[in-house]
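> Below: sequence and its predicted model.
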Amino acid sequence: MSKTRASGRTVGGLRSLSLQAPAVTLLLLWMLVPLGMTVWFSLQRYNLLMPGMEGFAGLENYEYLFTDPALWRAMGNTLLLVGSVLVITVGGGVLLAVLFQQEFPGRGIARVLAISPFFVMPTVSALVWKNMMMHPSNGVLSWVAELFGLPAVDWFSSLPLTSIIIIVAWQWLPFALLILLTAMQSLDDDQVEAARMDGAGPIAVFFYITLPHLKRAISVVIMIEMIFLLTIFAEIYVTTSGGPGLATTNLAFLIYIQALLDFDVGLASAGGVVAIVLANIVAIFLVRLVAKNLEN
Amino acid sequence: MKLAYAFPLAALAAAVATSAQAETITVATVNNNDMVIMQSLTEAFEEAHPDIEVNWVVLEENVLRQRLTTDIATEGGQFDVMTIGTYEAPIWAERGWLAALEDLPASYREDDLLQPVRDGLSYEGKLYALPFYAESSMLYYRTDLFEEAGFEMPEQPTWEQVREWAAELHDPDNELAGICLRGKPGWGENMAFVSTLVNTFGGRWFDEEWNPQLDSQAWQEAISFYVDLLGNYGPPGASSNGFNENLALFSRGNCAMWVDATSAAGKLYNPAESQVADRLGFAPAPVAETPKGAHWLWSWALAIPATSEKQDAAQAFLTWATSQEYIELVGETEGWTSVPPGTRQSTYENENYQREAPFAGFVLDAINSADPTDSTLEPSPYVGVQFVGIPEFQSIGTQVGQTIASALTGDTSVEQALQSAQRATERTMQRAGY
């Protein structure tokens, strides 16, 4: 990689620096002030319900945070949630993209319908799933179970995290489909044709031509979804409130509990800092991975 | 584009111009039925006080708590009247966040307010909030089902009897649960009920040195009983049912019994809102080891934050919404079962109310006999029947509520759940410097 700017020309010197300064300063303020305040609060003993107890606490908040069994459970849940949704959406997205690439009557409408769940607001889709799909007595799923003579499943109490994963995956599968379908359309038909003539079956075509072609798109999907899935909140808030117990508490929800149910600003900020660090670690690995893929 | 903005702006300007001399107060309240009625009667208040306009912020209970607590703790000053409960009133008053309600007009008849409710809203003998409605808890049951099965409701049922009845009446094939109870986590949801259950099993939250007692024998027994009762004979999805969900279930006829707030009685006896109004029986909340603390005491009240710059207008609203005249207004316009219960002696002396609400005397007794200062078998250092009157309790109650809910769904065993609840409570108390 050569050291060129996005605009294509190399710039330097004091004059251009002074021209860039206002924009850069604004961006830094935009980013640094909230971050700095979070770090500052995380070092304070600051609970909204305890006026008069404020003061510098050193690393006390972090100590409490890291000795809290809830933190590890929340981290585990976060990773499990992100991982499962990624596997489902990428796997399902690739399969659906291949299917929707085929010619069939009504393909346009079918594509729009398949993509539409992505445009439903998270709170709305969570409510729909909670009250109309997974409800143990009024839900569609319990009605289906009854048709087969099976007992109705109380989704949010017996399979809480699985239910959240289903809801989130339902929302993000269309996103993966959208990106992957677009990528599919740039697949060279001649290449497939040639492979067919050489005697390759549909499975061989999929594994040796389609999948390598989708590699870049898949890494983009993984990166974008990862960023959004780390902060899943509305679906949990609306359906299970992090419970039962801590079964569906992810990092974002844990911070919410500390900040707005316990009103412990210090502890919540410490949780926020940990979340930022975690997100950055993930981001570094991801960006490397994607960059490598894109270069190839 | 510009025109589209211009019209609402002009309308706004016109509105401001006409009300230039009127003072606007912002009232934050919870979306319970009684408050919705209060909102609909705003006009009556504004007619009597032409110089005051009321602006409403109506929120769901949990959201309201968050908004109010953050606003008052950071001295945000968004609201002039806040709806708070028995839990918040003394704690917030101690921090100087609320304006003391002294020199109320004589016409307000302060001495008409029920003593336990009044005490619950006072700090160091001064009143800091006026009760809008108050409640205790009681057992509701279906008389038709009890007759059919040949059960007789004694004057004071025990929890053991309740379990036997629930086991007999439970009929999931016909969508009938033996018993409905709160299962939704939260200190104001499942823990309100669970605390009374623990009290009557002889347990307490803290000993006199503020050591958490959640791993004690009494808690074990109470929670095991709760998990067994609600888990086996409760409605499907019991762990996500709170007061409103259970109210809907019971009034649709899906529960044989229900132990919850007395404030539900008005709705359950109203044939327009309840399908079981004509076959409804009630009894005191069941007891186990001790009658102490078996039924709770709660009131929703209106208070003025110390930061409000419109104290006089706010106080005018407060005294209107909690007055005897207001109660009569609701009785005449909405029907007597809909009046805010539990606040005033005069409500219970009212003949109309006595005639329409067969539960009136019973509720009055339940409220008068609940004692927040002496609610546990062994002595405890805190005030409150179904809560602990310390600021940390919101956090503790929410955490413990979550672990109890996970025991209810079978995610963890009762023993494990109580151990982790104990550890979490110890940590919170240690952090708060007890």
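Thanks, I have it. Numbering: from 1, shown residues only, chains lettered A, B, ... in the order given.
> going forward, measure contacts and count neighbours with C-alpha atoms only.
Noted.
> which residues are in contact with stretch B:52-62?
Stretch B:52-62 has contacts (CA atoms under 8 Å, 6 or more residues apart in numbering or on different chains) with B:22-31, B:39, B:42, B:46, B:64, B:313.
> Now do the phi/psi pair for the residue in the stretch 1-150 of chain A positioned nearest to chain B.
Nearest residue of the stretch 1-150 of chain A to chain B (CA to the nearest CA) works out as A:Leu48 at 5.7 Å. Main-chain dihedrals, A:Leu48, degrees, to the nearest 10: phi -60, psi -30.
> Can you verify my assumption that it contacts A:Val265?
Yes: applying CA atoms under 8 Å as the test, A:Leu48 and A:Val265 come out as touching, 7.1 Å apart.
> In the stretch 151-300 of chain B, mark out all the helices, start to finish.
B:159-169, B:190-200, B:217-233, B:243-251, B:265-268 (DSSP state H, counting those that start in this stretch).
> now, of the ones you listed, which is deepest in the fold?
Scoring the helices of the stretch 151-300 of chain B by mean neighbour count under mean count of other CA atoms under 10 Å in any protein chain shown gives helix B:190-200 as the most buried, with a mean of 27.
> And that helix, what does it pack against?
Helices and strands touching helix B:190-200, by 3 or more CA pairs under 8 Å, 6 or more residues apart in numbering or on different chains; DSSP states H and E, are helix B:217-233, helix B:393-408.
> The ones you listed: which one's closest to A:Arg73?
For the helices and strands packed on helix B:190-200, distance to A:Arg73 was read as CA to CA. The smallest value, 13.4 Å, belongs to helix B:393-408.
> can I get the helices of the stretch 151-300 of chain B in a markdown table with mean pLDDT?
Compiled in a markdown table, the helices of the stretch 151-300 of chain B are given as follows (pLDDT from 0 to 100):
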| stretch | mean pLDDT |
| --- | --- |
| helix B:159-169 | 95 |
| helix B:190-200 | 95 |
| helix B:217-233 | 95 |
| helix B:243-251 | 91 |
| helix B:265-268 | 90 |
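> Any chance of TSV for the ones you listed, columns distance to B:Phe359?
TSV is the format used below for the helices of the stretch 151-300 of chain B (distance: least, CA to CA, whole Å):
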stretch	distance to B:Phe359
helix B:159-169	21
helix B:190-200	20
helix B:217-233	26
helix B:243-251	16
helix B:265-268	7
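> Take the contacts of stretch B:52-62 and keep only those in helices.
Cross-referencing the contacts of stretch B:52-62 against helices under DSSP state H gives B:Gln39, B:Thr42, B:Glu46, B:Leu64, B:Ala313.
> The residue lying closest to the first one once chain neighbours are set aside in helix, strand or coil?
Read it as B:Gln39. Counting by CA to CA, 6 or more residues apart in numbering or on different chains, B:Trp56 is the residue found nearest to B:Gln39 once chain neighbours are left out, at 7.5 Å. Local secondary structure at B:Trp56 is given as strand here, using DSSP: H, G, I helix; E, B strand; the rest coil.
> tally of neighbours for B:Trp56?
Neighbouring residues of B:Trp56 were enumerated by other CA atoms under 10 Å in any protein chain shown; the total is 15.
> Could you check the pLDDT of it?
Residue-level confidence at B:Trp56 comes out at 94, pLDDT.
> quick one: it and B:Thr74, what's the gap?
Between B:Trp56 and B:Thr74 the computed distance is 21 Å (CA to CA, to the nearest Å).
> Please convert the helices and strands packed on helix B:190-200 to JSON lines, extending it with distance to A:Gly106.
Compiled in JSON lines, the helices and strands packed on helix B:190-200 are given as follows (distance: least, CA to CA, whole Å):
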{"stretch": "helix B:217-233", "distance to A:Gly106": "49"}
{"stretch": "helix B:393-408", "distance to A:Gly106": "47"}
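> Nearest residue to the middle of the chain?
With no chain named, the answer covers chain A. What sits nearest the mean C-alpha location of chain A, by CA atoms, centre = their mean, is A:Leu229, with 1.7 Å.
> oops, I was thinking of chain B
Among the residues of chain B, B:Trp298 comes closest to the average C-alpha position under CA atoms, centre = their mean, at 5.2 Å.
> so who does it touch?
B:Gly85, B:Thr86, B:Val117, B:Ala134, B:Glu135, B:Ser136.
> and if we set it to 6 Å?
Under the criterion of CA atoms under 6 Å, 6 or more residues apart in numbering or on different chains, the contact list for B:Trp298 reads B:Thr86, B:Ala134, B:Glu135.
> gap between B:Asp111 and A:Met223?
In this structure, B:Asp111 and A:Met223 are 66 Å apart, going by CA to CA.
> Which of those two has more residues huddled nearby?
The residue with more neighbours, out of B:Asp111 and A:Met223 and counting by other CA under 10 Å, is A:Met223; that gives 20 against 11.
> Grab the nearest non-local neighbour of the residue in the stretch 201-350 of chain B that chain A sits nearest to.
Relative to chain A, the nearest point of the stretch 201-350 of chain B is B:Gly237 (5.8 Å; CA to the nearest CA). Using CA to CA, 6+ apart and skipping residues adjacent in sequence, the residue nearest B:Gly237 is A:Asp154, 5.8 Å away.
> what's the answer for B:Gly77, then?
Leaving out its chain neighbours, the residue that sits closest to B:Gly77 by CA to CA, 6+ apart is B:Thr307, at 5.6 Å.
> tell me the secondary structure for that neighbour?
B:Thr307, by the three-state scheme (three-state DSSP), is coil.
> One more: A:Gly243?
Secondary structure for A:Gly243, judged by three-state DSSP, is coil.
> Just give me the neighbour total for the nearest residue to it once chain neighbours are set aside.
Nearest residue to A:Gly243, sequence neighbours excluded (CA to CA, 6+ apart): B:Gln402, at 6.2 Å. The criterion is other CA under 10 Å. On that basis, B:Gln402 has 29 neighbouring residues.
> ok, B:Gln402 touching B:Pro185?
Yes: the pair B:Gln402 and B:Pro185 passes the contact test of CA atoms under 6 Å, sitting 5.2 Å apart.
> picking that back up, residues near the residue nearest to B:Gly77, how many?
Count around B:Thr307 with other CA under 10 Å applied: 18.
> Can you pull the residues of the stretch 51-200 of chain A lying near chain B?
Along the stretch 51-200 of chain A, the residues adjacent to chain B under the rule CA under 6 Å from any CA of the partner chain are A:Asp154, A:Ser157.
> show me where the stretch 51-200 of chain A has strands.
Assigned by DSSP state E, counting those that start in this stretch, the stretch 51-200 of chain A shows strands spanning A:55-56.
> got it, and chain B?
Using DSSP state E, the strands assigned to chain B run over residues B:23-30, B:52-59, B:81-85, B:122-123, B:126-127, B:130-135, B:137-142, B:257-261, B:280-284, B:298-303.
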